[in-house]
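K.L.:
Just to be clear, the model below is a prediction. Sequence and coordinates:
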Amino acid sequence: MRNRVIICEASEIVANGLAEMINGMAQFDVVLRVDSPERISEKILSSNANMLIIDPVLLGYQNKDFLLQLGKEHPNVFIVALVTTYLDHSFLTPYHGVIELNDSRAKIIDKMNELVQNEASKNSDDVELSKRETDVLVAVAKGMMNKEIAEQMNISIHTVISHRKNITRKTGIKSVSGLTVYALLNNLIDEKDLI
């Protein structure tokens, strides 16, 4: 099955260049290019898209609220940040993935394929997270480092790393930003808990 992609980017040259790269991939089709996030939810529905690549700058300070709402309305849509300028790392945590302006075609392909493969492996694994793994996941989503988690939970760093490996294996999610979105969508944390 081919993945249907919407690109939301104000710069026509950037949007067209990215679309050209993506349309050359076997698994992906760009079905729509838009220059603003206005009525994006309707556009996702009408185009049956399962991936949205959007420039976070277009969302301004409503970034987290917008993405949280979009994630609730379309839980099966990957939301990928298209970073065209410097942004603070915390601004990018709600996204499933990040594509940067200077990424090569091969790197973009790898990032997009990894998102799709992680979701496929997550859907094929019905094992639930243990209580301790859930606690570690919440701490990771809140931006805590392994050492901080170990100190807070009175466990060794090795145990934290073991829990993180289990979380990755069970969810299929490798990135902190992906785990944060997972925690938000599964109501394990509130967006107010994010830094």
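P.N.:
Perfect, thanks for sending it.
K.L.:
Buried residues of the longest helix along the chain, list them for me.
P.N.:
Taking DSSP state H as the criterion, the chain has its longest helix at helix 105-124. Under the neighbour-count criterion of 16 or more other C-beta atoms under 10 Å, helix 105-124 has Ile108, Ile109, Lys111, Met112, Leu115, Val116, Asn118, Glu119 buried. In this view, the C-beta of every residue, glycine as well, is placed from N, C-alpha and C.
K.L.:
With stretch 51-65 instead?
P.N.:
When neighbours are counted by 16+ other C-beta under 10 Å, the buried residues of stretch 51-65 are found to be Met51, Leu52, Ile53, Ile54, Asp55, Pro56, Val57, Leu58, Leu59, Asn63, Lys64.
K.L.:
I'd like the residues you listed written out as a markdown table, with secondary structure and distance to Ser104 added.
P.N.:
As requested, the buried residues of stretch 51-65 are exported to a markdown table (DSSP: H, G, I helix; E, B strand; the rest coil; distance: C-beta to C-beta, whole Å):
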| residue | secondary structure | distance to Ser104 |
| --- | --- | --- |
| Met51 | strand | 19 |
| Leu52 | strand | 22 |
| Ile53 | strand | 16 |
| Ile54 | strand | 21 |
| Asp55 | coil | 19 |
| Pro56 | helix | 21 |
| Val57 | helix | 22 |
| Leu58 | helix | 24 |
| Leu59 | helix | 26 |
| Asn63 | helix | 26 |
| Lys64 | helix | 29 |
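K.L.:
so what's Arg105 closest to, chain neighbours aside?
P.N.:
Of all residues not flanking Arg105 in the chain, Met21 sits nearest, at 5.0 Å (C-beta to C-beta, 6 or more residues apart in numbering).
K.L.:
how far out from the middle of the chain is the helix or strand that neighbour falls within?
P.N.:
Per DSSP states H and E: Met21 is located in helix 12-23. For helix 12-23, the distance from its own C-alpha centre to the chain's C-alpha centre is 20 Å (C-alpha atoms, centre = their mean, to the nearest Å).
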